[in-house]
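Trainee: this one's sequence-less:
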């Protein structure tokens with residue numbers, strides 16, 4: 001039996017974030033950090049093909065591709081979607097933008113009847129909390145980077 005055809009839309013959003021791409025990627029793709037900035041449980045696998053959940057299971061998907069520091073691709077749906085509606089696709093691209101990151105999101109195959117709601121939800125539930133998190137944890141996030149060394153204090157010259 002063929003699935004009913006559901007009208008869909010694509011949501012495209014771009015936002016500048018105050019941290020380098022590797023730090024933004026870690027915040028979005030690591031369960032602990034994702035949970036910290038959203039304030040709700042998330043389970044995000046560290047491998048392609050694994051299932052993911054966010055907002056305590058309200059969002060569900062499967063990771064289709066991961067490119068650390070550059071982005072990822074996954075299926076995406078919420079518990080509110082009609083059962084017969086196929087999963088949408090979520091693509092996140094991260095690019096350096098000065099000292100920060102330009103995050104571009106393409107959320108395709110979103111049911112048209114719900115697209116406006118989700119388009120408003122991304123800034124409210126992701127981009128604004130993520131920005132606050134990156135600003136508030138800046139020293140912690142930087143100190144966790146592999147290969148990071150703390151700056152040495154300036155030496156006083158003799159006689160001063």
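Mentor: Noted; the coordinates are in hand. This is a predicted model, so every value here is computed, not measured.
Trainee: Need the single longest helix in the chain, by residues.
Mentor: helix 112-122 (DSSP state H).
Trainee: ok, which stretches of the protein are strands?
Mentor: For the chain, the strands defined by DSSP state E occupy 8-17, 51-54, 59-67, 71-78, 88-97, 100-111.
Trainee: I'd like those strands as CSV, with mean pLDDT and mean neighbour count appended.
Mentor: C-beta coordinates here come from the backbone N, C-alpha and C atoms, glycine included. Formatted as CSV, the strands of the chain follow (pLDDT from 0 to 100; neighbours: other Cβ atoms under 10 Å):
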stretch, mean pLDDT, mean neighbour count
strand 8-17, 97, 16
strand 51-54, 98, 18
strand 59-67, 97, 16
strand 71-78, 97, 20
strand 88-97, 98, 18
strand 100-111, 97, 19
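Trainee: Give me the distance between the residue nearest to the spatial centre of the chain and residue 90.
Mentor: Most central in the chain under Cα atoms, centre = their mean is residue 28, positioned 3.6 Å from the mean C-alpha point. Distance of residue 28 to residue 90, given as Cβ to Cβ, to the nearest Å: 11 Å.
Trainee: Also residue 126?
Mentor: 11 Å.
Trainee: what pLDDT does the closest residue to residue 40 other than its chain neighbours get?
Mentor: Distances taken as Cβ to Cβ, 6 or more residues apart in numbering put residue 55 closest to residue 40, at 4.6 Å, once the chain neighbours are dropped. Here the pLDDT value assigned to residue 55 is 96.
Trainee: mind listing what residue 55 touches?
Mentor: For residue 55, the contacting residues are 38, 40, 41, 42, 125, by Cβ atoms under 8 Å, 6 or more residues apart in numbering.
Trainee: same thing with residue 90?
Mentor: Neighbour list for residue 90: 61, 73, 74, 75, 76, 105, 106, 107 [criterion: Cβ under 8 Å, 6+ apart].
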